[in-house]
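Engineer: what follows is a predicted structure for the sequence shown.
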Amino acid sequence: TEKEKKKAVNEKTPSVQKINPAGYLNLLVNTMDNFTHGLAIAGSFCVSTRVGMFTTAAIVIHEIPHEVGDYAILVRSGFSKNQAIIAQLSTSAGGMLGAIFGLVSASSGRESLWMLPFTAGGFIYIALVSLIPDLLEENACKMPWWRDIIHVGLGAALVGYTATVT
């Protein structure tokens, strides 16, 4: 019968898994984030080798859990494990492009000091965009307000210490 033929054809054709658009959006944002990382590394090495090494180390430490989280987002969005790995590796091209752009900009004789504040502002923006919605939730952690002040103070002290070391 006609129904049996359609069923047999449907069983033979592989099913296409639908991928949530959030997965593609994550890839786009991750590529832009990696571009900013590459720009920060290039700009830091233009300042000095020591600043470049510190910046590279900080970005590597930041990227390890970040990439694991992005991998999980892609798998939950419908990517297979292999597709997620390949997609994550392809976003690293953004970092290379950012580094190339930064180095070409610096070697062209233009002032390259704009890169560090630009990338720092980008990092602060990304952090706030991801943190503010969580902080505004009514069911958010009921941590005492003074702990927030201590954490901000410790962060500022770490930044100040790093500035004096480099």
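Structural biologist: Everything's here; your move.
Engineer: run a quick neighbour tally on the residue lying closest to residue 122 once chain neighbours are set aside.
Structural biologist: Spatially, and ignoring its direct neighbours in sequence, residue 122 is nearest to residue 36 (4.8 Å; C-beta to C-beta, 6 or more residues apart in numbering). In short, each C-beta sits where N, CA and C put it, glycine included. When counting by other C-beta atoms under 10 Å, one arrives at 23 neighbours for residue 36.
Engineer: verify the stated contact: residue 36 with residue 121.
Structural biologist: No: if you go by C-beta atoms under 8 Å, residue 36 and residue 121 don't touch, sitting 9.7 Å apart.
Engineer: thought residue 84 was touching residue 68?
Structural biologist: No: applying C-beta under 8 Å as the test, residue 84 and residue 68 come out as separate, 10.9 Å apart.
Engineer: quickly list what's touching both of these two.
Structural biologist: Counting by C-beta atoms under 8 Å, 6 or more residues apart in numbering, residue 84 and residue 68 have no contacts in common.
Engineer: which one's more surrounded, those two?
Structural biologist: residue 84 (21 against 11).
Engineer: avg pLDDT for the helix or strand hosting the more buried one?
Structural biologist: Assigned by DSSP states H and E, residue 84 belongs to helix 81-107. The average of the pLDDT scores along helix 81-107 is 90.
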